[in-house]
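*Asks:* Quick check, what structure comes out for this input:
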Amino acid sequence: MSSDDEDDLVFKALADRRRRQILDLLKAEPRTTGDLCARFGDSLDRCTVMQHIGVLEKAGLIIARREGRQRWNYLNAGPFKDISDRWISPYAAEAVSLLARLKRDLESQEGEGA
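*Replies:* Numbering: from 1, shown residues only. Next up, the predicted model:
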């Protein structure tokens, strides 16, 4: 699978508010599937939560491990770092450079006007 295909899976997984809520829960600590289902109470049934978990797993954002009858879900930070490295960091670096240049220009103008 190409990097673009993997990025598409991550962005599509993150597009749903409920999947982001699941990731927020897993950010604090690993949780069982039963616990994740219980966190949504009556707003989502178990089957729907499992479908969302499946999308997150396919995108590589969750790693699941079975321990006996329980299925533990862990947040996988790797895809977030990949997205950050490819899509956020280069733009952030450019923005910082632009702000530094603006600061120099403004300080230069202050020096000329004083």
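*Asks:* CA only for contacts and neighbour counts going forward, please
*Replies:* Noted.
*Asks:* domain assignment for this structure?
*Replies:* By the assignment in automatic domain parsing, the chain contains the domains 1-76, 77-114.
*Asks:* how about a markdown table for those, with mean pLDDT and mean neighbour count added?
*Replies:* As requested, the domains of the chain are exported to a markdown table (pLDDT from 0 to 100; neighbours: other CA atoms under 10 Å):
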| stretch | mean pLDDT | mean neighbour count |
| --- | --- | --- |
| domain 1-76 | 94 | 15 |
| domain 77-114 | 81 | 12 |
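*Asks:* And for the residue most central in space within the chain, nearest residue in space, chain neighbours not counted?
*Replies:* When CA atoms, centre = their mean is applied to the chain, the residue found nearest the centroid is residue 80 (5.1 Å). In space, and not counting its chain neighbours, residue 80 is closest to residue 61: 7.9 Å by CA to CA, 6 or more residues apart in numbering.
*Asks:* what's the spacing between the one you found and residue 77?
*Replies:* 7 Å (CA to CA, to the nearest Å).
*Asks:* How about residue 110?
*Replies:* Counting by CA to CA, the gap from residue 110 to residue 77 is 45 Å.
*Asks:* Thank you, goodbye.
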